[in-house]
Structures are given as C-alpha cells and as structure tokens.
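1. Predicted model, plus sequence, below.
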Number of protein chains: 2
Amino acid sequence: MDALTRRLLVIGADAAGMSAASQARRRLGPDDLRIVAFDRGNFSSYSACGIPYFVSGVVDDVESLVVRSPETFRDKQAIQVHLRHEVLEIDLDRGVALVNHSESGHQREEGFDDLVIATGATPVRPPLPGAGAEGVFGVQTLDDGVALRAHVADRKPRRAVIVGSGYVGLEMAESLCALGVETHLVDVAPQPLTRLDPDMGALIAGALRDFGTVLHLGQEVAGFETGAGGEVSAVVTSEGTLPAEVVVLGLGVRPNVALAEAAGVEVGPSGAIAVDRRMRTSYPAVWAAGDCAEKRHRVSGAAVAVALGTHANKEGRVAGINLGGGYATFPGVIGTAATKVGSLEVARTGLGETESADAGFVAESVLSESTTRAGYYPGAGPITVKLVVERGTGRLLGAQIVGREGAAKRIDVLAVAVWNEMTVDELLAADLSYAPPYSPVWDPVVAAARRAVDRLS
Amino acid sequence: MDALTRRLLVIGADAAGMSAASQARRRLGPDDLRIVAFDRGNFSSYSACGIPYFVSGVVDDVESLVVRSPETFRDKQAIQVHLRHEVLEIDLDRGVALVNHSESGHQREEGFDDLVIATGATPVRPPLPGAGAEGVFGVQTLDDGVALRAHVADRKPRRAVIVGSGYVGLEMAESLCALGVETHLVDVAPQPLTRLDPDMGALIAGALRDFGTVLHLGQEVAGFETGAGGEVSAVVTSEGTLPAEVVVLGLGVRPNVALAEAAGVEVGPSGAIAVDRRMRTSYPAVWAAGDCAEKRHRVSGAAVAVALGTHANKEGRVAGINLGGGYATFPGVIGTAATKVGSLEVARTGLGETESADAGFVAESVLSESTTRAGYYPGAGPITVKLVVERGTGRLLGAQIVGREGAAKRIDVLAVAVWNEMTVDELLAADLSYAPPYSPVWDPVVAAARRAVDRLS
C-alpha cells in the first residue's frame, strides 16, 4: 500500500458490511483499495436468522452460523476484519474514525476515503422499570444468542416470558420450549404475530400452544420485577404478575443510527439512514447497508426500516459494486417474510389489510383453504392463503400464508406477482407447476387467485 | 326442459370437459341450459397425474382420484354424465352427435346447440411390429391405469421395460420398481428426461438407478417380441433384446382430434384443435379444452400441444364461462412442469437451451448449486438451478431445477418471472422470503440470478 491506495472503512462486519467489502474487493485489488472492517462483536458475517436455532440446540455449533471468519477474509480477500472494536466517532471532513478496542481499552484513529456504515439494529427495550435488568435479553446479534444460550445453560431457568410476538418472539418461544423451559408469551394484541392480519394470526395461536407456550394476549407489559441480585424475577402485565428467570424481548428492533447521525449523515423518516437507490447516503463517499439503512416499500411507497438478512446481503452487494466503480441498484422491498412456528409455516408479502388502507388503497380480501399436496397424496396438509386485492383494478397488493410443510415458500410466487403488479386475473392464468406430490391441480396460490376472480368479477 | 332450453353437449368427461360444464352451469340454470356429457371411459373428472401413484399403490383407492362422480354431477349440478358412451360422429350443420353405448352396442343421436370437445390425448405407439401386443400399455386415462395395475396383479410380471423417459415413463418406472418388478428403461437419448437440457437430465440418472431402474440410454427400440398367446415377451433395441412381461410406453401423447377434424373443425399446426383465446374453435358454437386443444407458448410464440391437468382445468373453466355468457381468456402457456423421481424433485419452465435456439433467441445458460434450506439447518439438501437467459437483454427465457425436498415448487417463482418477462437483474432484486428452515439467505433461485448477473454483466 502506498499513499495512492484508497482506503475503505466498513463499520459493522455483519452480512451487509462484509458483502459490501467483498464486492468492492472483486472490482479493486489490494493495490487499489485497502479494506478494513471493525465490529464491536465477536463474530463476522454470520446468519442472524439462525440464532433461534442455535439457542434451541437445533444448530449446535455457533461457528456453523459464521459464513466467513476474519482469517478467511484476510487470507482469501485481503480484507482486515477487527472484531471487538467499536467505532466511537466519525469525522467526515477529516476522513477519520475513532476506534476503541474493547479488550484493551486502547483507542486509535483510522483514516478512510470511503465509508460503509453497517451498524445494524438493536432490539427495542420498553422504557419501563427493570427493562434493563440482568436476565432480560434482546436477541439481534450472534453475541446476544450466545449470551442467552449461556444464561439458560448456567441458570437453568424454570420459567421464561417472551414479551412481544413478532418473528423473533415466536422463534424464541419455540426455542425455549424445546429446552424444557416453561414459556409464557405476552402481547398487547389479541392475536399473535401482528405482522399478519388478525384472521391469519389466529391460525397460529394453536401451534404456539401445541409446543407448550402459554399465551397471554391482549395484555400490556407494565414493568419487570427484580430479585435481590438485580436479576429479573417477574414480568408485570396489565392482568397480573408472571414469574420468570429469563425474559426475551420480541418488540422489534431500531436501526443503529446514532454514530451516523452524530457525523451529520442524514436519517430518513423511518428512523433509518437515508440512502439513494445505489445505497449512497447524503455524503457521496459514505454508503449504508443492512438493518441501519432505509428502504423504499414498492407497494405503499413509504420509507421503511426493515431488519432482514436478505435485504442486508443485497444492499451490501449493491453498495460494494457501486463504491468499487460498478453500477447496481436496490429497488426496494415489498415486505416479504417467512417463519416457522412449530409445525406451521407462516409467510407474508406486500401489504396486509390495515397497511393497504393506511397506504390509501381500497382493498378486498379473499381467504382460500387448500392442501399442500394433492388431497389423495400421502402427507398432504392444510394451507390457508389470503390475498389482499385492490378494488376495481384487481391488482394483488399482498398475501399471507399459514399451513403445513410446503406452505411458506409459496409466498415467493405471490411476492414476484406483487413485485410485477400483477392482477389476480393474470395470476390465475400464470402457468405454475403441478405434480401430485407437490400440489393439487389448482395450486393453493392459483386457487386463491381463482376465488378472488370469482368474488370480484 | 322445453324447446327453448339450450342444449350443451360435452364430449369427454375429463377435467377439461367437466370444468367447462360446471362453469356453464354456474351461469345458466337447468331451465336455460341442458348439459349432457359423454365419455367412452369408466371415470369422470379424475386426476390423471395421480395414475402412477395409483399403479404403485401409494394411492390405494381408485375412487380417491375421482374428483366428482356422475351421481354428484347429476344431483348437485343437474349435469348428466354418461360413461362408457363414445361419440362416433358429429354433424355440425344438423347439431347432432352419434353416440355408441359400449356395453349394449346401442347407438343413438344426441342433439346440441353448443358443443365442448374435450377428447384428450392418446399415448403415442411407435409404428413397430408388436407395438399393439397384449401387455404393452400406454398410460393416459384412468382406465389405462386400472388395466395396468390389474395386469401387474394378475400376471405378476418379473420384468418390465419402459420405452421413453418422459414424465410418465419415469413415474411408471418408479411405480413398477416399488411393486418389486425388475424395471428397464430404454431411451434413444443419451440422458433421461429430454424435456430437460442434457446437463440437468444427467443429474437424475442416478436417482433412477437408486430405486432400481436399469437404464438403456442411447438405444433405439426396433420392435416388440410376442409369445405364443400374442402377449409381449421382449423389447428389441438397437443393442439387444430385453425380455419383459409388461411394457409401458412413455413416448408422449397425441391430441385426439379425429372426431373434430372429421366434423370440419380446424386443427392447428401443432396437431391439436385450433382455438382462440376464449377456447372457441373455428365453429362459433364449438369449443375445445384440455389435451386436445392447441395452446400458444408465450415465450417461443409457437402453437403447441401440451397435455397437462393444469391447462385442462383452466381451459375448461374459460370455455365454460364464455359459453355461459361470461368473458374469460386463456392467455397461453410457458411449458412449466414438475415431477418426482425417487428422492429427487425435478421441474422446468419456459425454454431450454435448444428450444431457445429453435425460437430464434441467442441465450446463455447459468448453472447454480445451492441448498434447499440454510446449510446449517437440519434437512438441507442439494439443489441445482439452471437459468437460460437472453443475451443482451438479460431476459429470463427459461429455468430448470433438480434437487431434494423443497426444490421443485421453486420453479413457480421462476415461472412467474418468465411470465412477466423479467430480466435476471430484476429477479435478483425481487423480495423473496427467507427463514433458515426454508432457504439459505440467498434463495437458490436468487443465487442463480445473481450468478447470471455476475456472469453476463
């Protein structure tokens, strides 16, 4: 490296940051671009969505969640990854970051020409007494997962309370039940998983109970009680007190933007870092990607903050291609997501009923019951598909699926349909595959479209 | 019924014919429309794709393949279905069909105002000595399946030969192996399943051998030897003689158009009955649907004959809506299909390499290896995705998938992409679902698109 070598600094060695680094490296060799990444945690480039399965022991080895180690980044790509290093300040005018090594407490300045901000997101902690007590876990990073698993192994809690029934809450409920912990789930909503419409959310309450979760729905959390040592001992709700030796927060996450904001980088209306379609922030040499970066919802048109690994990987790739001199864009999201709740598969895309109304659409919904395979073929299970359809045009605005094995991934068909602004008429006509081991002759997705066409025409 | 009641005659009580009848009935009651259907077989409205699973015993009860019996059609929908009745002639000028009752030999005339032709297709028999011998089966109708299963139960054949390795050939090979019959498969092609490109077809040869099929590839069938009673005893190929007490033809099917053609209804370049997008034939009061009706391939632009239950159901629905006074269209096909070969799932959509070239495209192919679930999640299996992409535009022309459980239905995502003429760039950006039990963070489909983008840009 000499004085002419550009310097890329990546803050956050997660999937987004390291995708950006890798793509930049594909275009620019070590003589043209020096790449250094800092992360305050203990792991680089890991699968965050695998954490619940590591906590439960379905995935036993934490290293199997790590896609690429710092050593591999160094040896294969000449990318320096420094873990346990937190960036405390960024000075964009000087092109310098202040970095703290958490083990030694040593601080140093690191210069850069280009900057990728991939600072991720942090679980929401309610502003309630005891929310920060020992034994109250948010689970977003792999370090969080390791800490929770260690807590369960060391303390052998008898009872757990999950606060909030988003994807992480439900997955953690299942993980803790699998570990033999009596698990209670509290949510202010009357149905679990409010990312689904209530009629679809109601379908999964049974699956949660099947693996042993005790549901406390329609209850607000008022606070957390702690024991003599300051550790959590109970969750207080609007209807009573639930003893717990471990609490997991499943109230969603907030993008980590404080560092960027303090440096003068613009934050958008969603609370995430504003970026253009090439993932460039309000500063030309500064890029953002992943959970900390704002996305455009292609159906509602709104700026949104969504923390998902798929977006993080793609955005990182786009940022890296662009800062490496190429051209790529991230054209937005449509709210696709999937999860497993015991024996049920759950997925959604586009807008739900309320979201459609909020976005100014007038929509009608159609619910369709079918089977995952031909009814006569062994292993066929029930599947419910809901379509949200714009009145008048018949445009598919969104869809939700709850069903047995083979149900969830069907959402991708509907996601591509929503992405292309297809009408239910067009979806009904689309040439989808059929074989008895995989679907009825009217695939559940097509059957739902047919029902929508029959209803709306 | 009085003299003013219109009379609809349906020839063929299969899925296409009975979908048409049902949709017509939804719009017109018995006082407005009398509906009579004739079928020369013993079953109405059944799942033809389930036949291999009935032959193998995976599906035990033949009635479970029947969607709706003649009694139900009569009682619930006032539709008269006459089985074992063959229509011998149609006189379009007089509006009369000559019908033969196969049990009694009694013939009678049946008048009609509207006519739906759903005569289906018949397995191709090679013009070779012995091809019509006893014990040589084509398997297209449920009656064919019943006859084959009875033959296997009665004769307990030691060896079977399958001629041709299309979907039906492969499915019948698996069924016969499951019944303990030593099964040989002969095909002139060097790889099984020529509906796939050779590199993908090669992946399934191992799966065929795994369940016990002996492959004789690159061999032409020269004829069939018969025993003293006229029953088949061996298949003679270009490389030797394969003894067999049962032979199944898997050489594809031809649309049954003789009846329509004799009546003056136009047959298209594909050899199937020409129809417009409303499923109307060259005669305004005559409609055709299902395996006997021509389809437009939306990518190649060609007129094609394709025998698939999905199309049959949709075309019947469209014909029935239109003849009932509504408006619906069938906008064509893109060659989507799926099958199961032992432990492998196989699917395709759009055009393959040779088909693309034949249609005048210049295309490049990309092969991508991935896993059906996150690599660290239990049950993850290999999946290979091939994309055929137009040079210059990046338009996705077709795709093929071979992989373990969870592989096949991913073709639907690609089918909707082909349907919408998406480029691989657009497909890479599309917001698909991700959860470790269902896919890696780069879904195999998206990973293939990414590889195509990297390769072509």
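-> Ah, there it is. Remember, it's a predicted structure, so these values are computed and weren't measured experimentally.
2. what pLDDT does the residue in the stretch 101-250 of chain A that chain B sits nearest to get?
-> With CB to the nearest CB, the shortest gap between the stretch 101-250 of chain A and chain B falls at A:Tyr167, namely 8.1 Å. Backbone N, C-alpha and C define where each C-beta goes, glycine included. At A:Tyr167, the pLDDT value in this model is 92.
3. How is the nearest residue to it once chain neighbours are set aside assigned, secondary-structure-wise?
-> Spatially, and ignoring its direct neighbours in sequence, A:Tyr167 is nearest to A:Thr339 (4.7 Å; CB to CB, 6 or more residues apart in numbering or on different chains). Three-state assignment for A:Thr339 (DSSP: H, G, I helix; E, B strand; the rest coil): strand.
4. how near is A:Thr339 to A:Leu170?
-> Taking CB to CB, to the nearest Å as the measure, A:Thr339 falls 6 Å from A:Leu170.
5. and what of A:Pro192?
-> With distances taken as CB to CB, A:Pro192 is found 7 Å from A:Leu170.
6. before we move on, what about A:Ile334?
-> Relative to A:Leu170, and taking CB to CB, A:Ile334 is found at 22 Å.
7. Return the residues in contact with A:Ala177.
-> Slight slip there: residue A:177 is Cys, not Ala. A:183, A:211-213 (CB atoms under 8 Å, 6 or more residues apart in numbering or on different chains).
8. near chain B too, which of the residues you listed?
-> Filtering the contacts of A:Cys177 for proximity to chain B by CB under 8 Å from any CB of the partner chain leaves nothing.
9. could you dump the one helix or strand A:Val236 maps to to PDB, C-alpha only?
-> Take DSSP states H and E as the rule and A:Val236 turns out to sit in strand A:232-237. C-alpha atoms of strand A:232-237 as PDB (Å, rounded to 0.1, in the frame of the first residue of the first chain):
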ATOM      1  CA  VAL A 232     -35.200 -10.300  36.600                       C
ATOM      2  CA  SER A 233     -37.700 -12.300  38.600                       C
ATOM      3  CA  ALA A 234     -41.100 -11.500  37.000                       C
ATOM      4  CA  VAL A 235     -42.900  -9.600  34.300                       C
ATOM      5  CA  VAL A 236     -45.800  -7.400  35.400                       C
ATOM      6  CA  THR A 237     -48.600  -7.200  33.000                       C
END
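10. Okay, now the unreliable bits of the stretch 201-350 of chain A?
-> By pLDDT under 70, the stretch 201-350 of chain A has no low-scoring segment.
11. bridging residues for the closest residue to chain B within it?
-> Nearest to chain B in the stretch 201-350 of chain A, going by CB to the nearest CB, is A:Ala338, at a distance of 3.8 Å. In this entry, A:Ala338 is beta-bridged to A:Ala347, by DSSP bridges.
12. Report the contact partners of it.
-> A:Ala338 touches A:345-348, A:408-409, A:411, B:433-435, B:438, counting by CB under 8 Å, 6+ apart.
13. That one and A:Glu345, how far apart?
-> For A:Ala338, the distance to A:Glu345 equals 7 Å [CB to CB].
14. Find residues that contact each of the two.
-> Here A:Ala338 and A:Glu345 have A:408, B:438 as joint contacts, going by CB under 8 Å, 6+ apart.
15. tell me the contacts of A:Ser368?
-> Residues in contact with A:Ser368 (CB under 8 Å, 6+ apart) are A:384-387, A:444, A:447-448, A:451.
16. For burial, what's the neighbour tally of the residue nearest to it when sequence neighbours are not counted?
-> Nearest residue to A:Ser368, sequence neighbours excluded (CB to CB, 6+ apart): A:Ala448, at 3.8 Å. For A:Ala448, the count of nearby residues is 30 (other CB atoms under 10 Å in any protein chain shown).
17. A:Ala448 in helix, strand or coil?
-> helix.
18. ok, it to chain B distance?
-> Distance from A:Ala448 to chain B, counting by CB to the nearest CB, to the nearest Å: 13 Å.
19. coming back round to it: of the contacts of A:Cys177, buried ones?
-> A:183, A:212-213 (16 or more other CB atoms under 10 Å in any protein chain shown).
20. Columns secondary structure on top of the residues you listed, output as TSV?
-> What follows is the buried ones among the contacts of A:Cys177, written out as TSV (three-state DSSP):
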residue	secondary structure
A:Thr183	strand
A:Gly212	coil
A:Thr213	coil
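21. Can you show me the helices along chain A?
-> A:15-27, A:51-56, A:70-77, A:142-155, A:167-178, A:198-210, A:258-262, A:309-323, A:353-358, A:411-419, A:424-429, A:444-456 (DSSP state H).
22. Packed most tightly, which of those would that be?
-> Per-stretch averages of neighbours, counted by mean count of other CB atoms under 10 Å in any protein chain shown, single out helix A:411-419 among the helices of chain A, with a mean of 29.
23. Other residues contacting that one?
-> A:298-299, A:334, A:336, A:338, A:347-350, A:387, A:396-399, A:401, A:426-427, A:430, A:432, A:445, B:410, B:412-413, B:415-417, B:420, B:422, B:426-427, B:430-433, B:443, B:445.
24. tell me how far it is from the chain's mean position?
-> Relative to its parent chain, helix A:411-419 has a centroid offset of 18 Å by CA atoms, centre = their mean, to the nearest Å.
25. What of stretch A:142-153?
-> With CA atoms, centre = their mean, you get 19 Å for stretch A:142-153.
26. anything in that stretch near chain B?
-> No. Using CB under 8 Å from any CB, stretch A:142-153 stays clear of chain B, coming no nearer than 12.4 Å.
27. Go ahead and name everything in contact with that stretch.
-> Residues contacting stretch A:142-153 (CB under 8 Å, 6+ apart): A:41-43, A:46, A:48, A:51-52, A:54-55, A:62, A:65-66, A:123, A:135, A:137-139, A:157, A:176, A:179, A:181, A:246, A:248.
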